[in-house]
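1. any chance you can model this:
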Amino acid sequence: MQLRIRAPHLDVPPATRAAVERRVRLALSRHAPSIVMARVTLLPSDRGESWGRCRIRVRLREGESLAAQDQAEHLHEAASGAARRLEQRLERRRVLPSATRRGLRFDQTRGTTHPCRSTSTHDSAAFRPASGARRNGA
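-> Predicted structure coming up:
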């Protein structure tokens, strides 16, 4: 996996650049076999001078590309947030296709899959208003 870091409008210290590279490589390492190239762009934020924005774009072997961005008070925090979001998207992309083929549904809150139910679990009559009741209140 190739990793390119750009900071066209910022002077980024080498220590911050190394921290950003380390965080992005760590987040994407699990998915590295499917990633051809990752581009990290560090930009100034609209919020103020001390804030920074990080955008990460990843090109996958299948030709698909994914992107994520975040902004924070420090560049390494913005890079960490963007890397976390991209990692979640890559994980969802990996789990969802195989899960849906098997009739499973992905639960984003738990990060797990469980069987889909084809029929409703509630009685539809319980949700209908009584025959004489008005819908708009009084």
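2. can you give me the strands for this protein?
-> Counting by DSSP state E, one finds strands in the chain at the ranges 2-6, 35-44, 52-60, 65-72, 104-107, 112-115.
3. which pLDDT value goes with P44?
-> Here the pLDDT value assigned to P44 is 86.
4. residue contacts, it?
-> Neighbour list for P44: 9-10, 51-53 [criterion: CB atoms under 8 Å, 6 or more residues apart in numbering]. (C-beta placed from N, C-alpha, C; glycine too.)
5. most surrounded residue in those?
-> G52 (26 neighbours; other CB atoms under 10 Å).
6. picking that back up, could you dump the strands of the chain to TSV with distance to E91?
-> Supplementary listing: the strands of the chain in TSV, determined by distance: least, CB to CB, whole Å:
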stretch	distance to E91
strand 2-6	19
strand 35-44	13
strand 52-60	13
strand 65-72	11
strand 104-107	10
strand 112-115	11
